[in-house]
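> Take a look and give me a structure for this.
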Amino acid sequence: MAAIHPFYDAHRAAMEAAMRQRLDLAEPMLRERANLPDPDGIKQEVMDEFEIVLGQMPYVGGSASRMSDFFMRLIGFMAIGRVLRRHGVSLEVIGEIERESFKAQLLMVPETERLASGRQFMSRENQALLREQAAKSRAEEYPEDFVYEFVESGTGDKFDFGINYKACGFCKFAARHGDQEILPHICGLDFEAYATRGIRLERTQTLAGGASHCNFRFSRLEPT
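The predicted structure is shown next:
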(Lines give C-alpha, C1' and ligand atoms only; values in the text may rest on other atoms or scores of the structure.)
Protein backbone atom coordinates (compact mmCIF):
# COMPACT_ATOMS: atom_id res chain seq x y z
CA MET A 1 0.00 0.00 0.00
CA ALA A 2 1.37 3.42 -0.96
CA ALA A 3 2.35 5.84 1.79
CA ILE A 4 0.04 8.79 2.37
CA HIS A 5 1.58 12.16 1.56
CA PRO A 6 2.46 14.07 4.76
CA PHE A 7 0.08 16.92 3.86
CA TYR A 8 -2.89 14.57 3.62
CA ASP A 9 -1.74 12.55 6.61
CA ALA A 10 -1.97 15.72 8.70
CA HIS A 11 -5.65 16.00 7.69
CA ARG A 12 -6.34 12.29 7.82
CA ALA A 13 -8.39 12.22 11.04
CA ALA A 14 -10.76 14.91 9.74
CA MET A 15 -11.15 13.17 6.37
CA GLU A 16 -11.89 9.83 8.01
CA ALA A 17 -14.44 11.41 10.35
CA ALA A 18 -16.18 13.04 7.39
CA MET A 19 -16.27 9.69 5.58
CA ARG A 20 -17.81 7.91 8.57
CA GLN A 21 -20.46 10.59 8.91
CA ARG A 22 -21.24 10.36 5.18
CA LEU A 23 -21.57 6.58 5.39
CA ASP A 24 -23.88 6.83 8.40
CA LEU A 25 -26.12 9.17 6.40
CA ALA A 26 -26.03 6.73 3.47
CA GLU A 27 -26.89 3.67 5.56
CA PRO A 28 -30.67 3.67 4.91
CA MET A 29 -30.02 3.99 1.18
CA LEU A 30 -27.53 1.12 1.27
CA ARG A 31 -30.30 -1.08 2.67
CA GLU A 32 -33.27 0.14 0.66
CA ARG A 33 -31.88 1.20 -2.73
CA ALA A 34 -28.72 -0.85 -3.05
CA ASN A 35 -30.35 -3.90 -1.41
CA LEU A 36 -27.27 -4.56 0.71
CA PRO A 37 -28.30 -6.46 3.85
CA ASP A 38 -25.09 -5.77 5.80
CA PRO A 39 -24.48 -2.01 5.70
CA ASP A 40 -22.04 -2.19 8.61
CA GLY A 41 -19.86 -4.56 6.59
CA ILE A 42 -20.12 -2.31 3.55
CA LYS A 43 -19.17 0.74 5.58
CA GLN A 44 -16.06 -1.00 6.90
CA GLU A 45 -15.17 -2.13 3.38
CA VAL A 46 -15.47 1.47 2.18
CA MET A 47 -13.21 2.69 4.99
CA ASP A 48 -10.65 0.05 4.05
CA GLU A 49 -10.83 1.19 0.42
CA PHE A 50 -10.55 4.80 1.56
CA GLU A 51 -7.21 3.88 3.14
CA ILE A 52 -6.05 2.79 -0.31
CA VAL A 53 -7.41 5.96 -1.92
CA LEU A 54 -5.56 8.14 0.59
CA GLY A 55 -2.29 6.58 -0.53
CA GLN A 56 -3.21 7.25 -4.17
CA MET A 57 -4.08 10.95 -3.71
CA PRO A 58 -1.69 13.16 -5.68
CA TYR A 59 -0.04 16.13 -4.01
CA VAL A 60 -1.02 19.33 -5.81
CA GLY A 61 0.50 22.04 -3.65
CA GLY A 62 -1.06 21.55 -0.22
CA SER A 63 -2.46 24.63 1.49
CA ALA A 64 -1.10 26.87 -1.29
CA SER A 65 -3.59 25.38 -3.77
CA ARG A 66 -7.39 25.57 -3.53
CA MET A 67 -7.59 22.25 -5.38
CA SER A 68 -6.10 20.36 -2.43
CA ASP A 69 -9.36 20.99 -0.59
CA PHE A 70 -11.33 19.62 -3.55
CA PHE A 71 -9.39 16.38 -3.36
CA MET A 72 -9.74 16.10 0.41
CA ARG A 73 -13.50 16.72 0.35
CA LEU A 74 -14.46 14.56 -2.62
CA ILE A 75 -11.92 11.80 -3.23
CA GLY A 76 -13.67 9.55 -0.71
CA PHE A 77 -16.53 9.12 -3.16
CA MET A 78 -14.14 7.11 -5.31
CA ALA A 79 -13.88 4.60 -2.45
CA ILE A 80 -17.67 4.44 -2.11
CA GLY A 81 -18.11 3.94 -5.85
CA ARG A 82 -15.46 1.22 -6.05
CA VAL A 83 -16.98 -0.82 -3.23
CA LEU A 84 -20.58 -0.51 -4.40
CA ARG A 85 -19.61 -1.52 -7.95
CA ARG A 86 -17.89 -4.62 -6.57
CA HIS A 87 -21.19 -5.50 -4.91
CA GLY A 88 -23.09 -5.13 -8.19
CA VAL A 89 -24.87 -1.85 -7.43
CA SER A 90 -25.88 0.00 -10.59
CA LEU A 91 -24.15 3.22 -11.56
CA GLU A 92 -27.46 5.08 -11.34
CA VAL A 93 -28.06 3.99 -7.75
CA ILE A 94 -24.46 4.71 -6.78
CA GLY A 95 -24.87 8.23 -8.12
CA GLU A 96 -28.08 8.74 -6.13
CA ILE A 97 -26.56 7.47 -2.90
CA GLU A 98 -23.45 9.61 -3.24
CA ARG A 99 -25.34 12.76 -4.20
CA GLU A 100 -28.02 12.49 -1.52
CA SER A 101 -25.64 11.55 1.29
CA PHE A 102 -23.34 14.43 0.30
CA LYS A 103 -26.23 16.91 0.30
CA ALA A 104 -27.41 15.66 3.69
CA GLN A 105 -23.92 16.12 5.05
CA LEU A 106 -23.64 19.63 3.66
CA LEU A 107 -27.00 20.60 5.16
CA MET A 108 -25.75 19.66 8.62
CA VAL A 109 -23.73 22.89 8.52
CA PRO A 110 -25.85 25.81 9.84
CA GLU A 111 -27.48 27.81 7.05
CA THR A 112 -25.90 31.09 8.15
CA GLU A 113 -22.46 29.51 7.91
CA ARG A 114 -23.17 27.97 4.51
CA LEU A 115 -24.48 31.20 3.04
CA ALA A 116 -21.57 33.19 4.47
CA SER A 117 -19.22 30.75 2.72
CA GLY A 118 -21.15 31.29 -0.51
CA ARG A 119 -20.89 35.07 -0.24
CA GLN A 120 -17.16 34.76 0.34
CA PHE A 121 -16.79 32.58 -2.75
CA MET A 122 -18.66 35.12 -4.89
CA SER A 123 -16.79 38.12 -3.44
CA ARG A 124 -14.47 40.35 -5.45
CA GLU A 125 -11.62 39.32 -3.17
CA ASN A 126 -12.11 35.65 -3.95
CA GLN A 127 -12.50 36.34 -7.65
CA ALA A 128 -9.11 38.06 -7.55
CA LEU A 129 -7.64 34.98 -5.86
CA LEU A 130 -9.22 32.71 -8.48
CA ARG A 131 -7.67 34.77 -11.28
CA GLU A 132 -4.28 34.48 -9.60
CA GLN A 133 -4.53 30.73 -9.00
CA ALA A 134 -5.86 30.11 -12.50
CA ALA A 135 -2.80 31.83 -13.95
CA LYS A 136 -0.52 29.71 -11.73
CA SER A 137 -2.30 26.50 -12.70
CA ARG A 138 -1.25 26.92 -16.32
CA ALA A 139 2.38 26.40 -15.29
CA GLU A 140 1.37 22.79 -14.47
CA GLU A 141 3.84 22.58 -11.58
CA TYR A 142 2.09 19.41 -10.38
CA PRO A 143 1.28 16.97 -13.23
CA GLU A 144 -1.82 15.54 -11.49
CA ASP A 145 -3.33 18.96 -10.74
CA PHE A 146 -6.18 20.91 -12.34
CA VAL A 147 -5.52 23.48 -15.08
CA TYR A 148 -8.07 26.24 -15.47
CA GLU A 149 -8.82 29.77 -16.58
CA PHE A 150 -10.96 32.50 -15.05
CA VAL A 151 -13.88 33.68 -17.21
CA GLU A 152 -15.03 37.27 -16.92
CA SER A 153 -18.70 38.13 -17.24
CA GLY A 154 -19.51 40.21 -20.31
CA THR A 155 -22.43 42.33 -21.46
CA GLY A 156 -25.59 40.24 -21.63
CA ASP A 157 -24.14 37.34 -19.66
CA LYS A 158 -26.34 35.92 -16.93
CA PHE A 159 -23.50 34.84 -14.67
CA ASP A 160 -21.16 36.71 -12.35
CA PHE A 161 -18.00 34.88 -13.38
CA GLY A 162 -16.89 31.49 -14.58
CA ILE A 163 -14.08 28.95 -14.61
CA ASN A 164 -13.10 26.77 -17.54
CA TYR A 165 -11.27 23.66 -16.37
CA LYS A 166 -8.93 22.55 -19.16
CA ALA A 167 -7.52 19.61 -17.16
CA CYS A 168 -9.12 17.88 -14.17
CA GLY A 169 -7.31 16.22 -11.31
CA PHE A 170 -10.17 13.78 -10.79
CA CYS A 171 -10.10 12.76 -14.46
CA LYS A 172 -6.37 12.12 -14.20
CA PHE A 173 -6.87 10.14 -11.00
CA ALA A 174 -9.64 8.06 -12.57
CA ALA A 175 -7.57 7.31 -15.66
CA ARG A 176 -4.59 6.27 -13.54
CA HIS A 177 -6.57 3.98 -11.21
CA GLY A 178 -9.34 2.64 -13.46
CA ASP A 179 -12.19 4.68 -11.99
CA GLN A 180 -13.56 6.15 -15.23
CA GLU A 181 -16.90 4.40 -14.78
CA ILE A 182 -17.63 6.13 -11.47
CA LEU A 183 -15.93 9.43 -12.33
CA PRO A 184 -19.13 11.25 -13.48
CA HIS A 185 -20.55 10.93 -9.95
CA ILE A 186 -17.83 13.27 -8.71
CA CYS A 187 -18.91 15.82 -11.32
CA GLY A 188 -22.51 15.58 -10.17
CA LEU A 189 -21.62 16.57 -6.62
CA ASP A 190 -20.62 20.08 -7.70
CA PHE A 191 -24.22 21.26 -8.04
CA GLU A 192 -25.06 20.33 -4.44
CA ALA A 193 -21.82 21.81 -3.13
CA TYR A 194 -22.65 25.22 -4.58
CA ALA A 195 -26.45 25.25 -4.21
CA THR A 196 -26.27 24.61 -0.46
CA ARG A 197 -24.15 27.77 -0.21
CA GLY A 198 -26.60 29.93 -2.14
CA ILE A 199 -24.78 29.74 -5.48
CA ARG A 200 -26.21 28.72 -8.83
CA LEU A 201 -23.87 26.61 -10.92
CA GLU A 202 -24.57 26.28 -14.62
CA ARG A 203 -22.49 23.77 -16.57
CA THR A 204 -23.28 22.26 -19.93
CA GLN A 205 -20.21 20.09 -20.55
CA THR A 206 -17.44 18.26 -18.72
CA LEU A 207 -14.06 16.76 -19.44
CA ALA A 208 -15.37 13.50 -17.99
CA GLY A 209 -18.09 13.58 -20.64
CA GLY A 210 -15.57 14.02 -23.45
CA ALA A 211 -15.66 17.82 -23.84
CA SER A 212 -12.60 20.00 -24.29
CA HIS A 213 -13.23 21.66 -20.91
CA CYS A 214 -15.69 21.95 -18.03
CA ASN A 215 -17.57 25.25 -18.30
CA PHE A 216 -18.51 26.35 -14.77
CA ARG A 217 -20.62 29.52 -14.58
CA PHE A 218 -21.55 31.02 -11.21
CA SER A 219 -24.31 33.37 -10.08
CA ARG A 220 -26.17 34.08 -6.87
CA LEU A 221 -29.32 32.12 -6.09
CA GLU A 222 -32.33 34.26 -5.25
CA PRO A 223 -33.49 33.81 -1.63
CA THR A 224 -36.58 31.57 -1.32
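
> Which pLDDT value does the model give the residue of the chain positioned farthest from its centre?
No residue in the chain sits farther from the centre than T155, which is 30.9 Å out by Cα atoms, centre = their mean. pLDDT, T155: 87.

> now it, what's its secondary structure?
Here T155 is coil, with the state taken from DSSP: H, G, I helix; E, B strand; the rest coil.

> Offset the numbering so it begins at 164, please.
Right, with 164 as the first residue, what we last looked at is T318.

> List the buried residues in the lengthiest helix in the chain.
Counting by DSSP state H, the longest helix found in the chain is helix 175-195. In terms of neighbour count (16 or more other Cβ atoms under 10 Å), helix 175-195 has its buried residues at 178, 182, 185-186, 188-189, 192-193. No exception for glycine: its C-beta is placed from N, CA and C like everyone else's.

> cool, and stretch 316-323?
Buried residues in stretch 316-323 (16+ other Cβ under 10 Å): F322.

> Equivalent analysis for stretch 193-203, please.
Across stretch 193-203, burial judged by 16+ other Cβ under 10 Å covers 193, 196-197, 199, 202.

> shaky segments in this structure?
In the predicted model, the chain carries pLDDT under 70 at residues 164, 386-387.

> can you tell me which residue is nearest the centre of it?
So for the chain, Cα atoms, centre = their mean, it's L237, sitting 3.7 Å from the centre.

> and the gap between the residue lying closest to that one once chain neighbours are set aside and L292?
Leaving aside its sequence neighbours, L237 sits nearest to I349 (Cβ to Cβ, 6 or more residues apart in numbering; 5.7 Å). Separation of I349 from L292 (Cβ to Cβ, to the nearest Å): 23 Å.

> what helix or strand is R248 on?
helix 239-249 (DSSP states H and E).

> So for the next helix or strand along the chain from that helix, what gets flagged as buried?
Next helix or strand after helix 239-249 toward the C-terminus (DSSP H and E): helix 254-269. For helix 254-269, the neighbour count (16+ other Cβ under 10 Å) marks 257-268 as buried.

> how distant is the helix or strand following helix 254-269 from the center of its chain?
Per DSSP H and E, helix 254-269 leads on to helix 274-285 as the next helix or strand towards the C-terminus. In terms of Cα atoms, centre = their mean, to the nearest Å, the centre of helix 274-285 is found 18 Å from the chain centre.

> helices and strands around helix 274-285, which ones?
strand 362-365, strand 377-383 (3 or more Cβ pairs under 8 Å, 6 or more residues apart in numbering; DSSP states H and E).

> Tell me the helices and strands packed up against the last one.
Identification of packing neighbours for strand 377-383 by 3+ Cβ pairs under 8 Å, 6+ apart yields helix 274-285, strand 324-330, helix 346-358, strand 362-365.

> Against D320, how distant is the residue nearest to the centre of the chain?
From L237 to D320 the distance is 28 Å (Cβ to Cβ).

> Identify the residue nearest V310 in space, chain neighbours excluded?
According to Cβ to Cβ, 6+ apart, the nearest residue to V310 is A330 (3.9 Å).

> cool, T359 as well?
In space, not counting the residues next to it along the chain, T359 is nearest to L269; the distance is 4.4 Å by Cβ to Cβ, 6+ apart.
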